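> Attaching a predicted model along with its sequence, questions to come.
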Amino acid sequence: MLSSIAWLGVLVYYMISWAEKAGCLLGISETLMGLTVTAIGTSGPDAIASLIVAKEGNGVMAVSNAFGSNVFDILFGLGFPFLLKCLVSGEDFPLSTHGLIESIYIMFGCLFLFLAICLASKLVVSRSLGGGFLFIYGVYLAFTIYTNV
């Protein structure tokens, strides 16, 4: 298991590095690549797993998987490669933070909106509610693209 986690860290490091280079070639900012392309790439398999579990009638498990995997992606999937880079090179790792603060506020707003909607619907997610969540994500994505281009 430790080997799998180590490989995951290494592969995430290279995915982020290559996404950064592809964004540079395409003229897309690092922040936009990180908040859209890389985030979608890492969350895709988790979304499929949550969809399978939800179809089996375990909606709570699907939502828990989504939150748990994102917490893991942020804290370990990003933290470990940056730690590894700093340990290998012996120096700090500079990051571009253009537009990052606004995006963080919007993500927290979306999280609180999601929780409020879930509580108001008594934790029952319907098709229209799922469509609403997709719409909220679309608004977030549009804002991120607009402010980072």
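In hand now; what should we look at?

> How many neighbouring residues does I101 have?
When neighbours are defined as other C-beta atoms under 10 Å, I101 has 9 of them. Any C-beta I mention is one placed from the backbone N, CA and C, and that applies to glycine too.

> any idea how far S128 is from F135?
Relative to S128, F135 is positioned 10 Å away (C-beta to C-beta, to the nearest Å).

> can you tell me the average pLDDT over the host helix or strand of V139?
Applying DSSP states H and E as the criterion places V139 in helix 127-148. Mean pLDDT, helix 127-148: 81.

> What of stretch 70-87?
78.

> in the helix holding V139, what counts as buried?
By neighbour count on 16 or more other C-beta atoms under 10 Å, the buried set for helix 127-148 is 133, 136, 140, 144, 148.

> Okay, the third one and G90: tell me how far apart.
Separation of Y140 from G90 (C-beta to C-beta): 37 Å.

> How about the first one?
Between F133 and G90 the distance is 44 Å, computed by C-beta to C-beta.

> Send me the helix holding V139 as PDB with only the CA atoms.
The C-alpha coordinates for helix 127-148 follow below in PDB (Å, rounded to 0.1, in the frame of the first residue of the first chain):
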ATOM      1  CA  ARG A 127     -31.800  14.800 -11.000                       C
ATOM      2  CA  SER A 128     -32.700  18.500 -10.800                       C
ATOM      3  CA  LEU A 129     -30.500  19.000  -7.800                       C
ATOM      4  CA  GLY A 130     -27.700  17.200  -9.500                       C
ATOM      5  CA  GLY A 131     -28.200  19.500 -12.500                       C
ATOM      6  CA  GLY A 132     -28.100  22.500 -10.200                       C
ATOM      7  CA  PHE A 133     -24.800  21.300  -8.800                       C
ATOM      8  CA  LEU A 134     -23.400  21.000 -12.300                       C
ATOM      9  CA  PHE A 135     -24.700  24.500 -13.100                       C
ATOM     10  CA  ILE A 136     -22.900  25.900 -10.000                       C
ATOM     11  CA  TYR A 137     -19.700  24.200 -11.100                       C
ATOM     12  CA  GLY A 138     -20.100  25.600 -14.600                       C
ATOM     13  CA  VAL A 139     -20.500  29.100 -13.100                       C
ATOM     14  CA  TYR A 140     -17.300  28.600 -11.100                       C
ATOM     15  CA  LEU A 141     -15.500  27.300 -14.100                       C
ATOM     16  CA  ALA A 142     -16.600  30.200 -16.300                       C
ATOM     17  CA  PHE A 143     -15.500  32.700 -13.600                       C
ATOM     18  CA  THR A 144     -12.100  31.000 -13.300                       C
ATOM     19  CA  ILE A 145     -11.500  31.000 -17.000                       C
ATOM     20  CA  TYR A 146     -12.700  34.600 -17.400                       C
ATOM     21  CA  THR A 147     -10.500  35.900 -14.600                       C
ATOM     22  CA  ASN A 148      -7.400  33.900 -15.500                       C
END
